[in-house]
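**Q** Sequence plus predicted model, see below.
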Amino acid sequence: MGQQSFLPEIDRKRTQAAVEAALEKYRIYKYLSVEEREASTTAAYSDMPRSSPTNVTSDQTASIATHNVDSAAYRKEYCERIERAVRRMPKRESFLIESRYMTKEHDYITDQRVYSFVFQPPISEPTYSKIRWRAFYKLALDLKIIVEGG
């Protein structure tokens, strides 16, 4: 009789894609500035009388200010959540994720560069792949983005 596992079967490719998408979102939130919304300074006039059933006027400035504050807070919390998850990982896994995926230079750094030159001493590609998968698996569990399937 084989040993039964209570862990779900996961789809490695889709889970990896989900983690990479989460890290891409992290880089966008962390390193790119987002244009804040601004209130229109031009008055809008209409020949048609207002016929609102609720008789509530909109406060454009307040809704824009709320959006700007809420979106900035969301971006900051998202980045902090990713950083906390990475800090909880073992040293080699967090080093790999930070060196390869959490840097501004992400588009110019390859996996080969990381395992050949960034790791000291250099590690082999299969070892790198094992460390990366363990890190992705832990991030997917921590961020609740694991993809089940086969």
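**A** That came through fine. Residues are numbered from 1 along each chain as shown.

**Q** residues touching Arg92, list them.
**A** Applying Cβ atoms under 8 Å, 6 or more residues apart in numbering, we find Arg92 in contact with Ile131. Where C-beta positions appear, they are placed from N, C-alpha and C, glycine not excepted.

**Q** Low-confidence stretches in this protein?
**A** Applying pLDDT under 70 to the chain picks out residues 1-8, 33-69, 150.

**Q** Could you pull up the residues touching Gln112?
**A** Per Cβ under 8 Å, 6+ apart, neighbours of Gln112: Glu125.

**Q** quick one: it and Lys76, what's the gap?
**A** 33 Å (Cβ to Cβ, to the nearest Å).

**Q** repeat for Ser129
**A** Applying Cβ to Cβ, the value for Ser129 to Lys76 is 32 Å.

**Q** likewise Arg134?
**A** For Arg134 relative to Lys76 (Cβ to Cβ), the value is 28 Å.

**Q** ok, those two, which is more surrounded?
**A** Shown here are Arg134 and Lys76; by other Cβ atoms under 10 Å, Arg134 has more neighbours (15 against 12).

**Q** so what's the more buried one closest to, chain neighbours aside?
**A** Glu93 (5.8 Å; Cβ to Cβ, 6 or more residues apart in numbering).

**Q** Buried residues, the helix or strand containing the one you found. List them.
**A** Assigned by DSSP states H and E, Glu93 belongs to helix 91-101. Along helix 91-101, these residues count as buried under the neighbour rule (16 or more other Cβ atoms under 10 Å): 93-97, 99-101.

**Q** likewise stretch 78-95?
**A** 78-79, 82, 85-86, 89, 93-95.

**Q** could I get these as CSV with distance to Glu125?
**A** CSV is the format used below for the buried residues of stretch 78-95 (distance: Cβ to Cβ, whole Å):
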residue, distance to Glu125
Tyr78, 31
Cys79, 30
Ile82, 26
Ala85, 25
Val86, 22
Met89, 20
Glu93, 16
Ser94, 20
Phe95, 16
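
**Q** what's the farthest-apart pair in those?
**A** Spatial extent of the buried residues of stretch 78-95 (Cβ to Cβ) is set by the pair Tyr78 and Phe95 at 21.9 Å.
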